[in-house]
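A.B. asks: Okay, predicted coordinates and the sequence, questions at the end:
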Amino acid sequence: MGIQENKALLKRVPLFSVLTDPQLDELSSVVVKRAFPKNRAIVTEGEATQWLYILLNGKAKVQVSDEEGREVILAILSAGEFFGEMGLLDESPRSASVITIESCEFLAIAKEDFNRCLRHNFEMSMLIMRGLVKRLREADKKIETLALLDVYGRVARALIEMSTLVNGERIIKKLLPRQEIAKMIGASREMVSRVMKEFEMEGLVLENPDGSVTIRDNIIAARF
């Protein structure tokens, strides 16, 4: 992949939208494009952090394991989102694992190049800070959700967060397996299956002919 193609890809990423053409040229010469198949671990919890990754297309999950080996999904990443910046900033090991949910393409930037870019660009440093604050807020929101909502509410919230507004409707292009949703909300797969079945019977969750899923807006009023 050439420098000009790298530059075109970088321009698509919000994180790099503030960079000048010379800065983009410099970064384009060191960025690496990487493709991974479904269910591949990109980074593993506890390992040293050497790269920043930016997701170009596909979806990936951020997860951690507790002392008993149980997995908890912290977030689902979509195109334009990034990870690895925390370890590059504080020199700590990876705080979570990132695993592809479907085939994904990433841009990867080595630690030295990333840190040099931050030193030379205040706006990009601010975007990184905002990204960190956003994740802290999302973590606080998840803790509040787990503490205050019942399983029905937690499943409803997870479905809403996974959906995208398309022509005024909430659409999930590809619904995660029940086990994955269970890991997101701290419930059993069986309980999630039961809740999903009730949602479907009530018409709150509708499966479309193309395999996507429509989430009715009144799921909010029904379950919050």
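C.D. replies: Happy to help now that I have it. Numbers count the residues shown, from 1 in each chain.
A.B. asks: what ranges do the helices span in the protein?
C.D. replies: 3-11, 21-28, 85-90, 111-120, 122-148, 151-162, 178-185, 189-201, 218-223 (DSSP state H).
A.B. asks: Show me what the fifth one is packed against.
C.D. replies: It refers to helix 122-148. strand 71-77, helix 85-90, helix 111-120, helix 151-162 (3 or more CB pairs under 8 Å, 6 or more residues apart in numbering; DSSP states H and E). For every residue, glycine as well, the C-beta is placed using N, CA and C.
A.B. asks: Tell me the helices and strands packed up against the first one.
C.D. replies: What it means is strand 71-77. Looks like strand 71-77 contacts strand 60-65, helix 122-148, helix 178-185 (3+ CB pairs under 8 Å, 6+ apart).
A.B. asks: let's see it at 7 Å
C.D. replies: Counting contacts by 3 or more CB pairs under 7 Å, 6 or more residues apart in numbering; DSSP states H and E, strand 71-77 is packed against strand 60-65, helix 178-185.
A.B. asks: what is the rounded mean pLDDT of the last one?
C.D. replies: Predicted confidence along helix 178-185 averages 90 (mean pLDDT).
A.B. asks: Please apply the same query to stretch 57-68.
C.D. replies: 85.
A.B. asks: Buried residues of it, list them for me.
C.D. replies: Residues Gly58, Lys59, Ala60, Lys61, Val62, Gln63 are the ones in stretch 57-68 that count as buried (16 or more other CB atoms under 10 Å).
A.B. asks: my read: Phe82 touches Tyr53, true?
C.D. replies: Yes: contact criterion CB atoms under 7 Å: Phe82 and Tyr53 qualify, at 6.4 Å.
A.B. asks: Spell out for me which residue occupies the centre of this structure.
C.D. replies: Leu77 (1.6 Å; CA atoms, centre = their mean).
A.B. asks: With adjacent residues omitted, what lies nearest to it?
C.D. replies: Closest residue to Leu77 apart from its sequence neighbours, by CB to CB, 6 or more residues apart in numbering: Ala60 at 4.6 Å.
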